[in-house]
Structure formats: C-alpha cells, structure tokens
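Colleague: would you be able to build a 3D model of this:
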Amino acid sequence: MQSSDLGNREQGKIWHRKPAPAAQQGVIVNIIHSATGYHSKTIRFLNVAFDNSGDSLLAGDHQGNIYVFDLTGNRFILVQRTMQACTALAFNLRRKTEYLVALADYSIKCFDTDTKELVSWMRGHDSSVSSISVHGSGRYAITTSSDTAQFWDLDTFQRKRKLNVHQSVGIQKVFFLPLSNTIISCFKDNSIFAWECDTLQCKYQLPTPIEGSVLHYKVFAVTRDGRVLVTGGKSNHLHVWCLESKQLLRIIQMPTKVRAVRHLEFLPDNFDGGSNQVLGVLSQDNIMRFINIQTCKILFDIGSHEEGISAVTISPNGRYIASVMENGSLNIYSVQALTQEVNKPPAPLVKVVEDLSKGKLGASKLTMRVMSGRSERPWKSKGTKTQTRVLKPQVNSSLENKENELPDGLNKKRLQALLKGFGEYPAKYRMFVWRALLQLPENHLAFSSLIDKGIHSAFVHLKDEYPMKSRKLLRVLQRTLSALAHWSAIFGETPYIPLLAFPFVKLFQNNQLICFEVAATVIVNWCQHWFEYFPNPPVNILSMVENILAHHDKELLQHLINYNVTSQLYAWPLLETLFSEVLTREEWLKVFDNIFSNHPSYFLMMVAAYIICSRSPLLHCNQTEDFEYFFHHRNNLDINVVIKEAYHLMEATPADIHPKRMLDDFIPLTKGQYPVFNKYPKFIVDYQTQERERIRQDEIEYLRERQLVHEIEAKAIQRKVEDEAWYRKQELLHKAEEQRRKILLQEEEKLTDQRQRLAAVKRELKVKELQLLDAARRRFLKHQQDQRQMELKRLDDEIARKVSMRERETAATVQDVEVRQMELESQRQLFEQQLVKDQEAVTQEVKGEIDASQRRADLEEHLVQRLIEIDRDEDRKAQVLAEESLAKADQKCIDTDWRIQALYKQRCDDLDREAHYEEIAKLLHDNREKEAELLKAMKAEEDKRWEELTEKRAHLESEQLAATALDAQRKQFLEDEMNDAIELSEKPCFLQDLKFQQVREEAQPKSGYVCLNDFSTTESSANFSLDRRREDLECRERELMAEVRELRQKLTSQARATYPLPHFPDTKWAT
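Modeller: So this is what the prediction gives:
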C-alpha cells in the first residue's frame, strides 16, 4: 500500500509507482494532507464524490480545500479554497467540469474545475445540507437538510420547489431514483413517499413495515435500475423494498456486532443489468461489510477497529471505493483486488505428483525482494499515544531569554518580530499564540467550582439589559460574568464588565474555560488600578492618557478642554469596551495581537494613539454629542497607522509620564487556583453589596406585598365578577324559568288541542269503522239473500225441469211399456246415484260439524281474548257483550232448530218412503205443522234459549243416532226391495214433491250453518243492534217460508190436476 502526502502542493502525482493493491486489504493508495509549520498537523478530509465516469474523484477537507484526483491519469489538482468546511459534494452534473459544494454556512456553491471560478451561489437552507442528489440528466439537483429539501434547476441555478415539513417530523433524505423521473423522500417517522419529478405529484407511499420489524430509517440505498430500495438505521436489520410492487421483500439481519447502520451503497456490476446484488453496509464499528442481498452472505469487508471508516463512496463503474478514514486520510480501494478471493475459481480436481529431489534445490535458494526505502508515516491508532519531542533550552541561556520563553516552544521576541513584520498573527494560529502569550493555566477544577455556583444574582436579568439574537452567546456571556463575579465580588458590581468581557466571549464561545481565563488575565494585567476609585472611573489611568496626550498633542487636548470634553468622555469609552465599539472584528484582533505581545502600558498608548490619529475629525467637532458619538461608533481610521503610532508613543514618551512606571509587568494566572483579586475599595463594594442586597430584599418584599395586593385585588375583582355573574345567572335563570313556564303552557295548550284533534280523529275513525262494519254486514246479508234467491231460482228451475221430465216420462209410459221399463231402470240408477250423493252429503255434514266444533273452539278462544280486553272497559261494553251473547245464543238456537227440523224432516221423509204414496199428503200436512212449530219456537222467550239449546243438542245426538240406525235399515231394505222401484216411478208427482222437500231441508240447514259459524259475520255483527238483526232475520225467514209454501201449493195443485193419485203398494226408502 502506497501513501501520498499532498502537503502544500496544489497539483502533482498521486502515486510514484504503479500501484499493486494487496489482495487482503485492496488499498491502492492512502492520501493524507499534512500542514507544514511550527506544529505540523493533518488536515482531515470530510467528503468525497465520484464523477459519472468513475475515474475522477472530488474530495474536500475541513479547511475548505477542494481537490480533484484523476485516478486514470495519476494526477491531483487543488481546484478551490472555500475557507470553510464542506458538508456535501456532487460531481455528476451535466457539464462535466462543474461540481456542487455544500458549505458550513448553509449555502451551496457551484465551481468549475478548469477555470476554478464560482459559477453560482445558491442560498435558502437554514441548517446544514446533509446530501446532494443529482438527476440522471444532470439538469436538476435536490439538496436536503434536517428541516427542508429544495429542488434546483442547474441550468438557471434557480430554486423551483421547496419541501417543508413539521419540525417534529424532520427529513432524513430526498434523492432521485436512477433511470426514472421519480423522487424519493424519506422522513424521520419512517414514511417514504415517491413523487413525480415534473409535476411533483405524489405517486405512491410505501406501506408501514410489519410489527416487530420497525426501525428508525437513517440511511438508504437504491440499485442502479431503481427497482430495489434498502433502508437501515439504529438496528442490525435491513429492510429490502421492491419499488415496483411497493412491498417489503425481506428483512436482512446483520451480525450481532452490528448495532447501527451509518451508510448503505450498492456495488455496481457491469454484467447485472443494474439489478445490483452486492450491498455495502457501514456500521457503527467503522467497518464496511459487503453482503449479497440474495444469499445474505458477507463477501468481504474494508476497514478495521484501528483504521476505521467515517465516510465512503463507490465509483459508478464499480472499480474503486473511496473512503474517508477516522484519522482524516483518504483511502482508495480496488474492487477487483477485494473481490479476488470471491471470484477465485475452485481448486482443480487433478493433482500432479512432484519429485521431491527437484524441489529441494528450489527450497534451499532464498529469494530476497527489495522493498522501497521510503519511510512511511505511521498511523495514529486509538490505543497509542504520539510521542512529542520537546527541545529543552540550554543551561547557560541568559535570564532575558528565560523571560521570553513561552509554553509550547514559542519565544516572545520572535513573535514580536513576526508581528512587527506582518502586522498580525496568522488567523489559524492566532488563538494558539494568544494562549501561549497569556500563559493560560487551564484550571479546570477551579473553573468548574466557579461554574457550579450557578448564575450570579447580578446577571440574572442580563438578557433585559443586553438583548441578543443568539441564545447560546447570551448563555456563555452570563456564565462567564457569573464566574468572574464569584471569583471577585467587585465584578458583580461593576457595570462595564459585560462590555469588557463580551469580545472574548464571542471569540471563545465554544471554550468557556479559555474565555474566562483570557478575560481574567486581561483584567489582572491590562486593567491594573481600574477599580481603586470604584464606583467612579479610574481617574489615575485616565490621567495617564491625558498626560500622554498633553505631551504629544497639546493643541488637540486644548481643543477638548475648550469644549469641556474630559478624559471620561474621550478615553474611558475606548477602555471600558476594549475598542470593540470602534473597531471591526479583523481590526480588533490585529490590535489585541499587539496588546498581548507588549507591556500592559501599550494598551494606554493605543488609546492615546487612536485619539491622536483622529485629531482631524475631532478638531472639527464643537458639540459634546459629536464627541460622544465619535468615541462610541466606528470611524474611518487606518488601524495600522494607529498601531505604529502606539509604538511611537511607547518609545517617545518620557519616563516620568510613561504608564510603564505605574503599571506592573505581565503576570499570568496561577496554576491550580486563581489568584485573589482584591485591588479595589472593599468597604465600598461591601457597602454596595449590602445596599444592593437590602434593596433586593426590599424589592422582594415590595414585590411580595404588591403580589399580595394584586392577589387580593384580583380576588376582589374575581369575587365581584363572580357575584355579577351569579346575579346575571340568577336573572337569566328567572327569565329562562319564565320562558320555560310560558313554553310549557303553550305546549300544554298545544297538547290539549292535539288531544282534542286526536279524540275527534278517533271518533271519526270509529264512525268510519262502524260504517264499514255496517256496510260489510249489509253486503254479507245481501250476499246471503242473493244466494237464497239463487237457490230458490235453482229449485224452481229444477222443479220445472222435473215436471217437464215427469210429463215426458208419463207420455212415454203410455205410448210404450218397454220404454217405460227402460226409463224405470234408468230411474232406479238415478235413485242409486242420488243415494250415493245423499251419503256423501251426510259425510260432508259430519265433516262440517267437526269443522264447526273446531271453529267454535277457536271462536271461544277468540272470545276469551276479547273478554280479557273487554274487562278493561267492562262498564262501557257490558250491555254490548250481553247483546252479543244473546245474539250468539239466538243464532245457535236458530241453527239447532234448523238442524233439528232438517233431521226431523229427514226422518219424516224416511217414514214417508216406508209408507205408501197415498200418505204423502198427510206427511206434507205434518211438515207444515212442524214448520209452524218452528216459527213459534223462534219467537220464544230469550231467557229460555240456552236451556233449549242444551236439550236440543241432546235431542240432536239422539236424532243422529236414530238417523244412523235408519240409514243402515234403509240400505238393507233398498237391497231387498229394489224391484219395487218400478211402482214408484208411476207416481212422479209425489216423487218430485218428495225430492223438492229433501232439497229444501238440505238447503235450509246449510244456509243457517254458514250464518252461524262465519267468524267475520259474528265479529262484524257485534257492534250492531241485536234486536234489529233478529227482526230482519225473522222477517226474511217468514217471507221465504211463505214463498216456499205458495210454491208447494202451486206444485201440488198442478200435480193433482194433471195426474190423479194412484194406489201404490207399501214401499220403504232408505237414504
């Protein structure tokens, strides 16, 4: 491994012989940048970046030097000095010679490597830029900081868009995807978004990882084809995302010694088509391990615990790896050498047997390889210390040389000679020289004890007296002043101490110990005798300045005296502010380079020199305000002339008025403990301290009392407000109560109206319901009447038809006996069919009775439910219920009478069939008597109906039994006496009369049955007057019975007139 030191060279060769990287380490060259001088040190590299070809490398160090390394041409060149550290680099722009540099002042600059000129200066970030991503075309760039990301057009160097996020979220990184117009933004809450480059519209968002695998994303890497994204953070897990499917492919777990991932980057391969498989993982142990994301195996690694890596980048062609080491050097690795072992072919299967005798000669010959005699600079490891050789002065050196010797090998005389030659110390060594000149002891323990005492009471409200934009600067100033006040009480009472210490606080704000010791050293040596006339300005010191001015420029002093301008006006502002109000930063540093390098009296000579060099504008001033303004603001003076004039005054001032006679030589602060500072009137300070403490206590008591008064006043006001609120609340409550009462009254009236309207609606609905029920009842009665009329019409038609048929049969019998015999036979068959129909009618009647009993049971159940509901309004519906029960009983009695009449008629018919035809007239007369009895029974008393119903049910059962027995007897008789049917056919008149009577008896119970067992009829008739219904029924029944009697009489008279009654033998009929 070769090592190359850039030194002070601006260009040259990177290596002096062709590099041959070792197979194990793979390092081509190690590049360091050491600064030569009295104390040599290494300038650390911070960032590196390759160009698009991968053969040129851009590197920046912490001093702002930008180098370009041409690895192919073996040349390096210093292309820019930015004078401040760079935080990010980009070397892959469209114009090959241009590159972007992000600097520590939050700006981004574009330089040209050929002309070394500034191309553009881009501002807009409020924090450090962490990364720069350039589009594949080189026309656009995205710069990312912790709070924002900005999108730049590199053709015009104008900002196109800006991405702002909430401070609690924060941005991790925003970059372009390769080979696409997609921008990936990654935030600190692990959310990842993809944006369209042209329209900046959100394309998609990657989903949240599964539970148990969430890690805080810090670093990201994308393959060259832009399809796979790998993320890592404070864990040893890596998340592999597929950007095409927006899914998490896998989670890779690194070895346990990897606790956090600092950087990720894919290793390009010319033969994988952009789908890179080898990933470089830089972990917290500063070792970069290269793994295969498919097989999850470690292929090789670079770096070690002794030679750790802080930053790394890989060339686009995959040939080189550039890494910034922890010691600040730059290593260039050869990927080919690192992958030599990985790509090594397998061992051959064929082994050749060798002759040992030939091998002995080769083994006995020693081969020596001459190595380069150039000494290599050893690297400083963490565990070792660099030995420093200290040159000791000679024993016989003079006392003067001993006084001029300073720590760290510096010599005061040589420094003064250097200062006189250049006018100032080098900027990068100034702080080092000051610390040597002031001989700071760096008493850490003593300073810590002062800091631990906290903020001094005199500087608690420092921000009110001296408001500052930088809170850090205010905090450091407050701590430094408090430490000075705890060191000596006078500094807590001196009003100009903040003005005196502020320049050093601003200069050493990052090292408070040095800041305090510099301020203390200045007070002890250059502020001698300042506090003897406290609280007044140091009159003795001001008198020294006035004496010097009187000796060297009497005219100017006389002009100041003429306008009553004393030394407190023209000298004291310069002293108490240490020239910080009248000089710029560079001028002030140059002045104090000379003040610290000379006797403390030079400070007063510097004040007198500043006044003398300003004589021309001062002589033109004639007002006190002009003089005050002049000594409190910056003026157009050449500070070098003032410094030379101060040196002239040091030499030309007589000894009797020279401040050197009154001021002591420089005395550094003691080591271990700081010296006691008591060169001030202690009684005045103590008195002021006591007075201040008394005033503070009085103020505290006053504030306490005022706070108490305010509290009492606030309580009184609060109580008054509460009382007023309570009264207002009570008034509002009364008003609300009155309003509610009115509302309730209105609501009650509305409710009453609504109830009345509801009752009216209910009445209307009830009337409509009754009307509907009445209409339904009337419609049903009309339907029954229509049915009965249709039945009567059908009977008339049947009678007419049978009469005509009987006439035809009689005529046929007279004409032809044989036809009569056939007709008798057909009549017999017709009678058999009629008997079958009668039997079926009986069966249907039995089924009807069973159904009727079931319906009656259902009706009774329904009546029970109705009775339960009616009990709630029992008084109102008692009469209706009684009428309903009476109507039901009446209807059932009518039904029972009809059925008894039907059975009785059936029995009479059976008896009539058994008797001779000559008894038909008597049976008809009996039938008319029974019908008269039925009409009389229907008009019986209502209180006897239920008893009659029970008796008639029992009688019905007995009649049913008798009818069953007669049926069986008739069937048997019909089989035995079938031949007697011929005689019956000779008397059709009686037969038709008998059939008519049978049909009528069958029809009447059916109509009554339907009327009694219909639920809708019973339910609907409950709300009508039972007397009215009974009268209607009785009227209709009387009319029907009268019509039936008239019809029978007509038929009988016609039959008797047409056919005389013949004599038939006794015949029995069975139904």
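Colleague: tell me where the stretch 701-850 of the chain has helices.
Modeller: 817-870 (DSSP state H, counting those that start in this stretch).
Colleague: ditto for the stretch 451-600 of the chain
Modeller: Applying DSSP H, counting those that start in this stretch to the stretch 451-600 of the chain gives helices spanning 462-465, 471-487, 490-493, 497-507, 512-526, 539-552, 554-562, 567-570, 572-576, 585-596.
Colleague: export the ones you listed as a markdown table, with columns for distance to Cys202.
Modeller: Every residue, glycine included, has its C-beta placed from N, CA and C. Conversion of those to a markdown table gives the following (distance: least, Cβ to Cβ, whole Å):
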| stretch | distance to Cys202 |
| --- | --- |
| helix 462-465 | 44 |
| helix 471-487 | 37 |
| helix 490-493 | 60 |
| helix 497-507 | 46 |
| helix 512-526 | 48 |
| helix 539-552 | 70 |
| helix 554-562 | 73 |
| helix 567-570 | 67 |
| helix 572-576 | 61 |
| helix 585-596 | 48 |
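Colleague: which of these sits closest to Glu947?
Modeller: Nearest to Glu947 among the helices of the stretch 451-600 of the chain is helix 471-487; the distance by Cβ to Cβ comes to 116.7 Å.
Colleague: show residues contacting the closest one.
Modeller: By Cβ atoms under 8 Å, 6 or more residues apart in numbering, the list of residues contacting helix 471-487 from outside reads 447, 450-451, 453-456, 458-459, 462-463, 466, 468, 491-492, 497-498, 501-502, 504-506, 509, 512, 515-516, 519-520, 523, 674, 677.
Colleague: ok, now stretch 643-660?
Modeller: 423, 544, 547-548, 551-552, 590-591, 594, 598-599, 601-602, 604-606, 608-609, 612-613, 661.
Colleague: measure it end to end?
Modeller: Between the opening and closing residues of stretch 643-660 we find a distance of 18 Å, counting by Cα to Cα, to the nearest Å.
Colleague: which positions within that stretch qualify as buried?
Modeller: By neighbour count on 16 or more other Cβ atoms under 10 Å, the buried set for stretch 643-660 is 643-647, 649-650, 653, 658-660.
Colleague: which of those lies closest to Arg740?
Modeller: The shortest gap between Arg740 and any of these belongs to Ile643, at 92.5 Å (Cβ to Cβ).
Colleague: hang on, the earlier thing: reformat the helices of the stretch 451-600 of the chain as CSV; add distance to Leu415 and mean pLDDT.
Modeller: Putting those into CSV (distance: least, Cβ to Cβ, whole Å; pLDDT from 0 to 100) gives the following:
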stretch, distance to Leu415, mean pLDDT
helix 462-465, 36, 85
helix 471-487, 27, 90
helix 490-493, 30, 83
helix 497-507, 19, 90
helix 512-526, 17, 91
helix 539-552, 26, 90
helix 554-562, 33, 90
helix 567-570, 32, 88
helix 572-576, 25, 90
helix 585-596, 9, 91
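Colleague: what's the closest of these to Leu177?
Modeller: Put simply, out of these the one that sits nearest Leu177 is helix 471-487, at 39.5 Å, with distance taken as Cβ to Cβ.
Colleague: could you pull up the mean pLDDT of stretch 870-883?
Modeller: Computed over stretch 870-883, the mean pLDDT rounds to 67.
Colleague: from Ile14, how far out is Ile77?
Modeller: When Cβ to Cβ, to the nearest Å is the yardstick, Ile77 and Ile14 sit 11 Å from each other.
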